[in-house]
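Colleague: Curious how this folds, go ahead:
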Amino acid sequence: MADIAGLTTTALEAARVHPHGRHAELVAHDGELRQTLLALVAGATLGEHNSPHAATMFVLRGRVRVLVDERVQAELGEGELWVLTHERHAVAAPEDAVFLLTTVTGVGEPSHG
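Modeller: Predicted coordinates for the structure are as follows:
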């Protein structure tokens, strides 16, 4: 069992000392299902990347923006859940943020994007 509240705090602390202002930690892995806790300090970005077969973001702390072609597709705050579309996207943090990324991968087809 993972203590998500405790991991949220330690992930943000780790992101604050990381040179790129981010931290990721796999918290659950069961076959094709993965849950990763990601922390970004204010101003940090996860560069554009492909979307997995299925994914959601659940914001635990702060705010994040999902960007497609450098345009804001969604801005999410604490307690909000977003189903990622099947497009290449980036994620930016206008303030310190932590979110839980749930993905389904490796189902025999290449990822979208």
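Colleague: burial of Gly106, as a residue count?
Modeller: 13 (other Cβ atoms under 10 Å). Bear in mind the C-beta positions are built from the backbone N, C-alpha and C, glycine included.
Colleague: OK, contacts around it?
Modeller: Neighbour list for Gly106: Glu32 [criterion: Cβ atoms under 8 Å, 6 or more residues apart in numbering].
Colleague: any idea how far His49 is from it?
Modeller: 16 Å (Cβ to Cβ, to the nearest Å).
Colleague: From Thr103, how far out is His53?
Modeller: Distance from His53 to Thr103, by Cβ to Cβ: 8 Å.
Colleague: right, I mislabeled it, should have said Ala92
Modeller: According to Cβ to Cβ, Ala92 stands 19 Å off from Thr103.
Colleague: Could you do Met57 as well?
Modeller: Noted for Met57: a distance of 10 Å to Thr103, by Cβ to Cβ.
Colleague: which stretches of this protein form strands?
Modeller: Secondary structure of the chain (DSSP state E): strands at 22-30, 33-40, 45-49, 54-61, 63-68, 71-77, 81-83, 89-92, 97-104.
Colleague: in the fourth one, what counts as buried?
Modeller: If you call a residue buried by 16 or more other Cβ atoms under 10 Å, then strand 54-61 has these buried ones: 54-55, 57-61.
Colleague: Could you do the second one as well?
Modeller: By 16+ other Cβ under 10 Å, the buried positions in strand 33-40 come out as 34-40.
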